[in-house]
Structures are given as structure tokens and as C-alpha cells.
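# Predicted model follows, preceded by the sequence.
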Amino acid sequence: MKEPLISTHQLTYRYGPREILQGLDLQIPQGCIYGFLGPNGAGKTTTIRLLLGLLTPTSGSIRLFGRELREQRIPILQRVGALIETPSLYRHLSGHDNLEVMRRMLGVEKKRIAEVLQIVRLQPDAHRPVKHYSLGMCQRLGIALALLSDPELLILDEPTNGLDPSGIREMRELLKDLNQEHGKTIFLSSHLLSEIEKTVSHVGILHQGQLAFQGSVQELQQATLSAAYVEVEVDNPLMAKEILLTNGYSVEKLGQNVIRVTVQDKEEAAVLNQCLVLGGVAVSGLAFSTQSLEDVFLSLTDAAPMKTQTSIPEPISFA
Ligand SMILES: Nc1ncnc2c1ncn2[C@@H]1O[C@H](COP(=O)(O)OP(=O)(O)OP(=O)(O)O)[C@@H](O)[C@H]1O
């Protein structure tokens, strides 16, 4: 099997006595867009600083492009572009001139500035001072700076943070374009799955210093399928509950006449409906849903209770 572009083995990091990362085994395949998710303070930025050699691991190892980072830091990092939090920009200079400053430092050809401006779609605003840019434009300029040296791997810390919906959409399109048209492997962090779920192909979910999940988005979606439910509107919730509990279902009351019942699939929802009708309960509405990816993410990180119960909940009072 091909070696991942980034892999860490039992990566651990402590700030003083506080263990922030505990034995992280990241696997980021070449050519993917990997979303590194976790609530605020989970250790995402710390991980990114370790991947960029800005911090030294307390223990464990990091490999990029098949080489040990600690042994070949400079040649490895020449192949990486990065944006950590908000980019450092000269606000009185134009976007173009910010790129020119960096271009000279890197010794890159002049024509690369036009290329990166085009990639991040900033040509129309290239000669305006950065102080007049929106946050989304600043983020795109930050990515243009990271792209100047034409790196194979982009590491972006919360690139959608603080952006409005149109800024998020532009960033999503830019990242897909960079991946599909320009062949970049992208590792990006976020604390909101909803902001990146349409962009990424792979996901790692960090929780309390460890990976709660790592795999493709399809694999994460599989987890959602195991937790479907129906919301049923009935005339007599008490009777409905008794019938369903007798038949082995788990039931949760939602509203005055609405109950939520965990099911495996749509067929089971139909059987449940039949059970109720045969038992004399009038069903006036029935909606089938699966758990959203966000629900799975939140349940994995304990940030909110899962919407769907997988066991029989506390007895419900219908008084
Ligand atoms: N220099 C430091 N010294 C001590 N503790 C630190 C330092 N930097 C970060 N931390 C702590 O390490 C933990 C992880 O921080 P980190 O910035 O990596 O989290 P994060 O997942 O990137 O969060 P956010 O989404 O809020 O940026 C936090 O509890 C933070 O308070």
C-alpha cells in the first residue's frame, strides 16, 4: 500500500504537565482533502505546529513525503505551504505587493504572482490596499502567499473561521479547485463539520487529545446510517408508547403528540406504522430521518447529546 503523504506515529505533546495530544496516529493519503476536526482547544493548532516543525513532539514521530520530519526538516518543508490562523499581511500594501515581498524572499519567478492571484481569484483586487479587503479576501491572499513556492501539500488552520456564508462557499470552491485542478493535497482544520463536510474527502476527529474517528467521508456516513429514526405524530402518545415498547422499540417524546422512535431503515418505519394502526392509534404524520454528519461529529466529541437514542430512554411522562 502507498505510504500516506503525512503520517504520525503515537504523536504526543505536552505543554508543561498538560498532555494535549496523546498518541495520535494520523494518516493523510496523497491527493486528498483531509478535514481535521475538533472542538475549540482540542489541539488542532498544536498538531499543525508539530507537522510544520514549529514545535518538537514530546514523543512519537512524524513522517511527510515518506521521510522523518526531525531528520529532514528543511527539504520537507520546502514542499509544504501553510496558513496558520489569520495570515500576517502588510495592511497598507496591496495584495500584489504583499506577494512581491514574499516572492523576493523565496526567490520565485515574477510570473508566479499572476498565477497565484488567478488561482485565488484576486486579480480584480490585486492593486487595492489590503486594509480594504474583506476577511475572505485576506484568507485567499494568505493562501496565495502559501502557494507562491508551488508546494505539493497545503496545511491550513481554520481557513473558514469567521467567514460569512459566501466567503465559506468561495473558500470551498478554491480548495476543491486547488485539489482537483492543481493536484494539491490539503490538510485543513476546523471546529465545524458543517463548514467543511462538502469539501473534504477524509476526516480525522480529535477529541481530548486522541482520534475519535479517522477515515473517508463515506466511512463517516456509514456511521450515520446505523442511527435512523422516525418522528411520528399520533392522537394518543401514551398508547403509542405502550405498543412500541411492547414491540421492543425505543421511544422518546418530542412534542405534545410527537414521538421519536429509533429504527434501522425505512422498512422498519413502515412496520412500526402498521403496529400503531393495528393497535388503534391514529397516525397523522410520519417522518423518517438519518443522523446528520454533524450529529455524528457532536456525539463523537461529546459536544452535544446524540439526537437518536440507541437504548430505551428514561420512562416518558405524558401527563
Ligand atoms: N503555549 C501554550 N502554553 C500552554 N498551553 C497552551 C499553549 N498553546 C495552547 N495551549 C493549550 O493547548 C490546548 C490545545 O490548544 P490548540 O490551540 O492546539 O487547540 P485548537 O484545537 O487549535 O483550538 P482552537 O480551535 O480554539 O484554535 C488548549 O487547551 C490550549 O489552551
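That came in fine, so what should we check first? Numbers count the residues shown, from 1 in each chain.
# in stretch 138-154, what counts as buried?
Within stretch 138-154, the residues that count as buried by 16 or more other Cβ atoms under 10 Å are 138-149, 151-154. In this view, the C-beta of every residue, glycine as well, is placed from N, C-alpha and C.
# From the ligand, how far off is Pro165?
20 Å (Cβ to the nearest ligand atom, to the nearest Å).
# That residue: neighbour count?
Pro165 has 8 neighbouring residues, counting by other Cβ atoms under 10 Å.
# Now it: phi and psi?
phi -60, psi -40 (degrees, to the nearest 10).
# which residues are contacting stretch 168-176?
The contact list for stretch 168-176 (Cβ atoms under 8 Å, 6 or more residues apart in numbering) reads 33, 119-121, 136, 139-140, 143, 156, 159-160, 163, 186, 188, 195-196, 198-199.
# Take those and keep only those in helices.
Ile119, Gly136, Gln139, Arg140, Ile143, Glu195, Ile196 (DSSP state H).
# Check what pLDDT the closest residue to the third one other than its chain neighbours gets.
By the measure of Cβ to Cβ, 6 or more residues apart in numbering, the closest residue to Gln139 outside its immediate chain neighbours is Pro159, 5.8 Å from it. According to the prediction, Pro159 has pLDDT 91.
# how many neighbours does whichever residue of the stretch 101-250 of the chain sits closest to the ligand have?
Residue of the stretch 101-250 of the chain nearest the ligand, by Cβ to the nearest ligand atom: His191 (4.8 Å). Using other Cβ under 10 Å, His191 is surrounded by 20 other residues.
# So in that sheet, which strands flank the longest strand that the chain contains, and in what orientation?
Ranked by residue count, the top strand of the chain under DSSP state E comes out as strand 6-15. Sheet pairing of strand 6-15 (DSSP bridges) gives strand 18-24 (antiparallel), strand 27-28 (antiparallel), strand 59-64 (antiparallel).
# out of those strands, nearest to the ligand?
Nearest of the strands paired with strand 6-15 (Cβ to the nearest ligand atom): strand 18-24, 4.6 Å.
# on that earlier part again, check contacts around the residue of the stretch 101-250 of the chain closest to the ligand.
So His191 contacts Leu37, Gly38, Pro39, Asn40, Ala42, Lys44, Glu158 (Cβ under 8 Å, 6+ apart).
# Sketch out the low-pLDDT regions of the protein for me.
Where the chain drops to pLDDT under 70, the residues are 1, 223-227, 291-293, 299, 302-319.
# Can you name the residues of it sitting close to the ligand?
Within the chain, the positions lying close to the ligand (Cβ under 6 Å from any ligand atom) are Tyr15, Ile20, Gly38, Asn40, Gly41, Ala42, Gly43, Lys44, Thr45, Thr46, His191.
# Show me those residues that map onto helices.
Lys44, Thr45, Thr46.
# how deep is the second one tucked in, by neighbour count?
Number of residues near Thr45 (other Cβ under 10 Å) recorded here: 17.
# With the first one instead?
Neighbours of Lys44 under the rule other Cβ under 10 Å: 22.
# CA atoms of the longest strand of the chain as PDB?
What follows is strand 6-15, C-alpha atoms only, in PDB (Å, rounded to 0.1, in the frame of the first residue of the first chain):
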ATOM      1  CA  ILE A   6       1.600  12.600   6.200                       C
ATOM      2  CA  SER A   7       1.700  10.000   8.900                       C
ATOM      3  CA  THR A   8       2.300  10.300  12.600                       C
ATOM      4  CA  HIS A   9       3.000   7.500  15.000                       C
ATOM      5  CA  GLN A  10       2.000   7.800  18.600                       C
ATOM      6  CA  LEU A  11       2.400  11.600  18.500                       C
ATOM      7  CA  THR A  12       2.300  13.100  21.900                       C
ATOM      8  CA  TYR A  13       2.700  16.700  23.000                       C
ATOM      9  CA  ARG A  14       2.700  18.300  26.500                       C
ATOM     10  CA  TYR A  15       2.500  21.900  27.500                       C
END
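# What are the buried residues along that strand?
For strand 6-15, by 16+ other Cβ under 10 Å, it's Ile6, Ser7, Thr8, Leu11, Thr12, Tyr13.
# in stretch 115-128, what's buried?
Val116, Leu117, Ile119, Val120, Leu122, Asp125, Ala126.
# Save those residues as a markdown table, and put in distance to Gly60 too.
Formatted as a markdown table, the buried residues of stretch 115-128 follow (distance: Cβ to Cβ, whole Å):
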| residue | distance to Gly60 |
| --- | --- |
| Val116 | 34 |
| Leu117 | 39 |
| Ile119 | 35 |
| Val120 | 34 |
| Leu122 | 39 |
| Asp125 | 43 |
| Ala126 | 43 |
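# I appreciate the help and will end here.
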